[in-house]
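Novice: Predicted model and sequence follow; I will ask about them next.
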Amino acid sequence: MNMQQKMVVAIMDVLMIVELCIAMYAAHLNPDSFTSTFCVYFFSMLIPTLVLARILVKRFRNAEPEPAA
């Protein structure tokens, strides 16, 4: 992985934690349907984040293969 790809992964990790907190907070406001509210909020934010991160990691890929260790 090059530095740009590592930055994408680090930013994605932070975004996932923020999305988890938002989903937990939203679910906390409606305790009767905690699980369904959490799933709707979390996965509706997580899926686009993962797709975008995958696109960006592929976009920042080097043309030459990584050296064998």
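Specialist: That came through fine.
Novice: Flag the shaky bits of this structure, pLDDT-wise.
Specialist: 63-69 (pLDDT under 70).
Novice: Which residue ranges of it form helices?
Specialist: 3-29, 34-59 (DSSP state H).
Novice: what would those helices look like in TSV with mean neighbour count?
Specialist: C-beta coordinates here come from the backbone N, C-alpha and C atoms, glycine included. TSV is the format used below for the helices of the chain (neighbours: other C-beta atoms under 10 Å):
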stretch	mean neighbour count
helix 3-29	14
helix 34-59	14
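Novice: For residue 41, give me its contacts.
Specialist: 22, 23, 26, 27 (C-beta atoms under 8 Å, 6 or more residues apart in numbering).
Novice: try 6 Å this time
Specialist: Residues counted as contacts of residue 41 (C-beta atoms under 6 Å, 6 or more residues apart in numbering) are 23, 26.
Novice: same deal with residue 30?
Specialist: For residue 30, the contact set (C-beta under 6 Å, 6+ apart) comprises residue 37.
Novice: Next one: it from residue 39, what distance?
Specialist: Counting by C-beta to C-beta, to the nearest Å, the separation of residue 30 from residue 39 is 12 Å.
Novice: Residue 23 now?
Specialist: Counting by C-beta to C-beta - residue 23 and residue 39 are separated by 8 Å.
Novice: next one: stretch 23-30 to chain centre, how far?
Specialist: Taking C-alpha atoms, centre = their mean, to the nearest Å, the mean C-alpha location of stretch 23-30 is offset from the chain mean by 19 Å.
Novice: Check stretch 36-45 too.
Specialist: The answer for stretch 36-45 is 13 Å, by C-alpha atoms, centre = their mean.
Novice: Next: stretch 32-50.
Specialist: Distance, centroid of stretch 32-50 to centroid of chain: 12 Å (C-alpha atoms, centre = their mean).
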